[in-house]
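[1] next one to model:
(chains A, B and C)
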Amino acid sequence: MNPAWVIALPAVGALVVLGLGTRAATGWVGAAFGLVTWLAGLWVALPYVGSAESERHVLGEMATGVAPIEVALTVDGLAALLVLLATTVAFLVLLYSVSYLRDEPRRATYTALVLLFTTAMATVVLADDLFVLLVGWEVMGACSYFLIGHYWERPDARAGAVKAFLLTRLGDIGFLFGIFVLGTATGSWSIGAANESAASGAMSTSQATVAMLLVLCGVVGKSAQFPLHTWLPDAMPGPTPISALIHAATMVAAGVYLVARLDDVMAASPVARSVLAVIAAVTMLGAALFAVAQDDLKRVLAWSTVSQLAYMFAALAVGGYAAGVYHLLSHGAFKALLFLAAGSVAHAIGTTAMTEMGGLRRALPVTFWTMTVGFAALAGLPPVVGFFSKDAVLGVVSEEAFQHASWQGWLLLVSGLLTVVVTAAYSIRAWLLVFCGEARGARPQHEAPWSMRAPLVLLALASLAGGVLVLTPDLVDPLGRTEGELVHPVLAAVTTVVLLVTLLLTYAEWWRVDGLDPAERFGPTRRLLHRELGFDRAYDLGIALPTWALARTVVATDRDVVEPYVRGAGTGARWLGLGLRWLQRGNVQVYVTAVVAGGLLLGLGAGWLVP
Amino acid sequence: MLLLFPLVVSALLFSIGVYGVLARRNAVLVLMGVELMLNAVNLNLVAFDTYLRDVVHSGQVLTLFVIAVAAAELGLGLAIVLMIFRSHQHIDIDRLRELSDSDAADEAIARDHQIWTGVAGGER
Amino acid sequence: MSAVEVLFALLGLVAVGSALLVVTTARLVHAALWLVVTLGALAGCYLLLAAEFVAWVQVLIYVGAVVVLLLFALMLTRAPTAAEAGTVTANRPLAAGLAVLVAAALVSSLVAGFRDVRIDLDDSVVGSAETTGEALFTSWVLPFEVLSVLLLAALVGAIVLSRSTRGGGR
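    Predicted coordinates for the structure are as follows:
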């Protein structure tokens, strides 16, 4: 089956859903299209999962001034996995949204945008040509803008949407030029050609470095890594299923996918890898620390996403392709689970503020158990999938540190281990605040309907069972890009001990403060972390305010320098008109006087000139 | 006889006619100023006709034509003066200002425009 | 200075003087009467310049018809409210200045151009009715006919204009 079906089906679905409008069936039709897309994705992807084969479909070709743009799709092992992840999560999100947005007047556009989002992600994943990938990449950006701003009545939603759009777009400028560099270096826009060229050494190190540094700009923007990390937490005013879609399987995953896709080019440039390592080290710890101090459940999850994405980049930065992709899949499952569970909580009590929650364990049993699995995966508790994938990442990082003794490896290892501690702390803090202790605010009325519970259970099962993937490393790395095992028993034991100690300490602190927020222990530091170290303020001061000042200067210049000329022309014409009008007084005698005087002047002049 | 004699008389008459046209208030008196100017021209024509000894007497014939044209002009001019008198009850040149560019005139134009087209005139 | 010159100078003075009175007198009818004097003096000038026929036409048409027309107009348009004294507009100083300038310009250029030119009147062709008529009906017959059409048009125009239109053309 042609992989284009995976792209076309949700796009058709989007049009159909838009045509349906606000009918009751809209959500179900959207979910049906999600199911069809998922089946198509299965059909397309399953033969290639864990297979070293790949298949290329050329749909058309566009001539350009240089190399032609081939509208080509490729299915290989990596693309197959991502297609499965994206279509599965998209289907579950669509199913979940049926009930979640039952009373939402704009659910037609919402559902259509989710489907279009799926189309775009499938395009990114399946694209063989860099420009085709860019199209999907940008469509995804536009969809995320609309979906984050879904509740556009709310100012924070509008601001978050604009911020997400601007920051990702800022990175995409670099990405576009990265594509140009890759294209000129290889004479083709094909991703496969770029990888081959880099692997065979045809592409010079400097070309690879320039190209990857530029591509990394786009990746950093899309995946919300430092220093463009601030948009993702502010994207939280969007509907919660959208957060699940963006954080788990599509938008932010696209950045990781792109780096994994261009792994050979990446490998050709040590500088780009070092930059990526530094970005990952800074982001993973910083984002985790920010997550500790947040009061909003979704915001905690958003920062955890940023932190977990940095894990993936850490693995990719030291050549741990299999670990990176594995963590991408694992994170896709449990982060979708966490967000959908958070949506379930929000659906039940009408808020996402953790200060309003507490003691929800009994009222929402399904949500409680599934979300517990999610948090366990996030923290990395055995035997949930997060444990194995995080262990794989830390393992490849530690190998780099111990065996190659590189500073990148040590930086990432220290940062990664610290992040394990912080991640455990914020996971159990959120878990305790939401589900344990006394109810502090709103009381839940009801558990979610089955269409919302089913995705939760399915994702929880996937998170629980996902660990078995570790036994078949060929599944995530069929081409054998990375040597070594995915399991590292010693490291796993150490991290598990550290993890358990952290969990116990946090629990003890929570017990000590009588079920209040254990993060209060941080004291004044907490406020600093809550403000996320003032990055937004710094961006405001450094970029936004000067831009405003410049704009005001331009306005003032226009008003005080340019406009006087325009107005002067008008005023001058007006005065001239008044003068001419004063002459047109209707007194014929005056006119004749003027005529005689003019004639006299002409006569005298003629006499003067012609003697 | 010096040619200058008739010429100077003609020039003075013309200037006096100019003054009459420019300074007089009564429209009929203005027309008298015009007649003075025409006569000044006639005197010029006759003088040069005689001086040049024109065989076909173009100067004198033209003088006759001017007299005829002046009569026609005066007939029409006085008819117009009569009409003005009928509509205004006066023929004072400096009080006939209907052609002036004024706000009242603009409003009258806008009103006419509205009458003819049924559309309100342009906003001011 | 010959007798003709003296005579011409006197007639010219009369013409100019009475013309001045035409444009300055405050009485409307007096202005018309002074115009008669001016036109008559001009007719005398024409006679001295050997333009006999023109002189009689001047007397007949101007002094006879035109002035009568003007007098009728003056009488018909005697405004009941118009002040008799206010016969001059505010434009008068400008008009006077311009007139003086025009006179100065014309006289000075004429004097510069024709200082010593003389008209030989001794054996001049007398502009009698015969000679003028011959010229008129041989060389100038076409313009003459055109002029007659012009007069007809002016006649019709004057009638149309001065007819009372109140009553919608009944």
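
[2] going by C-alpha atoms from here, please, whenever you check contacts or count neighbours.
    OK.

[3] skip the chain neighbours and tell me the closest residue to the residue most central in space within chain C.
    Nearest residue to the geometric centre of chain C (Cα atoms, centre = their mean): C:Leu39, 5.7 Å. Nearest non-adjacent residue to C:Leu39, counting by Cα to Cα, 6 or more residues apart in numbering or on different chains: C:Val63, 6.4 Å away.

[4] again with A:Asp129
    With Cα to Cα, 6+ apart as the criterion, A:Asp129 has its nearest non-adjacent residue at 4.4 Å, and that residue is A:Ser190.

[5] does the one you found touch A:Leu130 like I think?
    Yes - in this structure A:Ser190 lies within contact range of A:Leu130 using Cα atoms under 8 Å: 6.0 Å.

[6] spell out which parts of chain B neighbour chain A.
    Counting by Cα under 8 Å from any Cα of the partner chain, the residues of chain B close to chain A are B:21-23, B:93-102.

[7] show the buried residues in the residues you listed.
    Of the members of those, the ones counted as buried by neighbours, 16 or more other Cα atoms under 10 Å in any protein chain shown, are B:21-23, B:93-94, B:100-102.

[8] longest helix anywhere in chain B?
    Scanning chain B for the helix with the most residues, using DSSP state H, yields helix B:58-88.

[9] now for chain B, the helix or strand with the poorest mean pLDDT.
    Counting by mean pLDDT, DSSP states H and E, chain B has its least confident helix or strand at helix B:103-117, which shows a mean of 75.

[10] centre of the chain to that helix, how far?
    Computed by Cα atoms, centre = their mean, to the nearest Å, the chain-centroid distance of helix B:103-117 equals 30 Å.

[11] what helices or strands is that helix leaning on?
    In terms of contacts (3 or more Cα pairs under 8 Å, 6 or more residues apart in numbering or on different chains; DSSP states H and E), helix B:103-117 is packed against no helix or strand at all.

[12] mind listing what's buried in it?
    B:110-111.

[13] all helices for chain C, in order.
    Using DSSP H, the helices found in chain C span residues C:3-24, C:28-48, C:52-57, C:67-76, C:92-113, C:129-138, C:141-162.

[14] adding mean pLDDT, write the ones you listed out as a markdown table.
    Below are those laid out as a markdown table (pLDDT from 0 to 100):
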| stretch | mean pLDDT |
| --- | --- |
| helix C:3-24 | 92 |
| helix C:28-48 | 91 |
| helix C:52-57 | 90 |
| helix C:67-76 | 88 |
| helix C:92-113 | 91 |
| helix C:129-138 | 86 |
| helix C:141-162 | 90 |
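
[15] please report how far the residue in chain B positioned nearest to chain A lies from A:Asn587.
    Scanning chain B for proximity to chain A using Cα to the nearest Cα identifies B:Ser100 as nearest, at 3.7 Å. Plainly put, B:Ser100 is 7 Å away from A:Asn587 if you go by Cα to Cα, to the nearest Å.

[16] cool, and C:Asp122?
    From C:Asp122 across to A:Asn587, the span is 51 Å (Cα to Cα).

[17] do the same with A:Ser415
    A:Ser415 sits 95 Å away from A:Asn587, taking Cα to Cα as the criterion.

[18] restricting to C-alpha, output the least confident helix or strand of chain B in PDB.
    Written as PDB, here are the backbone C-alpha positions of helix B:103-117 (Å, rounded to 0.1, in the frame of the first residue of the first chain):
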ATOM      1  CA  ASP B 103     -20.000  78.200   0.600                       C
ATOM      2  CA  ALA B 104     -23.500  79.300  -0.300                       C
ATOM      3  CA  ALA B 105     -22.700  78.600  -4.000                       C
ATOM      4  CA  ASP B 106     -21.300  75.200  -3.100                       C
ATOM      5  CA  GLU B 107     -24.400  74.300  -1.100                       C
ATOM      6  CA  ALA B 108     -26.500  75.400  -4.000                       C
ATOM      7  CA  ILE B 109     -24.500  73.100  -6.300                       C
ATOM      8  CA  ALA B 110     -24.900  70.300  -3.900                       C
ATOM      9  CA  ARG B 111     -28.600  70.900  -3.700                       C
ATOM     10  CA  ASP B 112     -29.000  71.000  -7.400                       C
ATOM     11  CA  HIS B 113     -27.000  67.700  -7.600                       C
ATOM     12  CA  GLN B 114     -29.400  66.200  -5.100                       C
ATOM     13  CA  ILE B 115     -32.400  67.400  -7.000                       C
ATOM     14  CA  TRP B 116     -31.100  66.000 -10.300                       C
ATOM     15  CA  THR B 117     -29.700  62.700  -9.000                       C
END
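
[19] re the thing from before, just send the helices of chain C back as TSV, with distance to A:Thr423 too.
    Output for these, formatted as TSV (distance: least, Cα to Cα, whole Å):
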stretch	distance to A:Thr423
helix C:3-24	113
helix C:28-48	116
helix C:52-57	126
helix C:67-76	114
helix C:92-113	101
helix C:129-138	125
helix C:141-162	107
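
[20] any low-confidence regions in chain B?
    Along chain B, segments meeting pLDDT under 70 span B:118-124.

[21] and with 90 instead?
    For chain B, residues meeting the criterion pLDDT under 90 lie at B:1-3, B:24-27, B:49-60, B:75, B:80-124.

[22] check contacts around A:Glu536.
    Heads up, residue A:536 is Asp, not Glu. Counting by Cα atoms under 8 Å, 6 or more residues apart in numbering or on different chains, A:Asp536 touches A:Thr230.

[23] element containing it?
    With secondary structure defined by DSSP states H and E, A:Asp536 is part of helix A:535-539.

[24] and that helix, how far out from the chain's middle?
    Mean-position distance between helix A:535-539 and its chain equals 19 Å (Cα atoms, centre = their mean).

[25] list the helices and strands the helix or strand following it packs on?
    Following helix A:535-539 in sequence order, the next helix or strand is helix A:545-557 (DSSP H and E). Packing contacts for helix A:545-557, counted by 3+ Cα pairs under 8 Å, 6+ apart, involve no helix or strand.

[26] export helix A:545-557 to PDB, keeping only CA atoms.
    Backbone C-alpha positions of helix A:545-557 (Å, rounded to 0.1, in the frame of the first residue of the first chain) are rendered in PDB as follows:
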ATOM      1  CA  LEU A 545      11.100  45.700  24.600                       C
ATOM      2  CA  PRO A 546      13.700  46.900  22.100                       C
ATOM      3  CA  THR A 547      11.400  45.900  19.300                       C
ATOM      4  CA  TRP A 548       8.600  47.900  20.900                       C
ATOM      5  CA  ALA A 549      10.900  50.800  21.300                       C
ATOM      6  CA  LEU A 550      12.000  50.600  17.700                       C
ATOM      7  CA  ALA A 551       8.300  50.400  16.600                       C
ATOM      8  CA  ARG A 552       7.500  53.400  18.700                       C
ATOM      9  CA  THR A 553      10.400  55.300  17.200                       C
ATOM     10  CA  VAL A 554       9.200  54.400  13.700                       C
ATOM     11  CA  VAL A 555       5.700  55.500  14.600                       C
ATOM     12  CA  ALA A 556       7.000  58.800  16.100                       C
ATOM     13  CA  THR A 557       9.200  59.300  13.000                       C
END
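
[27] how about the helix or strand following that helix and chain C, any contact?
    Secondary structure here is assigned by DSSP H and E; on that basis, the next helix or strand after helix A:545-557 toward the C-terminus is helix A:563-583. No - contact check for helix A:563-583 against chain C, using Cα under 8 Å from any Cα: none in range, with a minimum separation of 13.9 Å.

[28] could you check the angle helix A:545-557 makes with helix A:563-583?
    Orientation of helix A:563-583 against helix A:545-557 (axes from the mean of the first three to the mean of the last three Cα atoms, to 10 degrees) gives an angle of 20 degrees.

[29] could you give me the buried positions within the longest helix along chain A?
    Residue-count comparison of every helix in chain A, with assignments taken from DSSP H, identifies helix A:155-186 as the longest. For helix A:155-186, the neighbour count (16+ other Cα under 10 Å) marks A:156-172, A:174-183, A:185-186 as buried.
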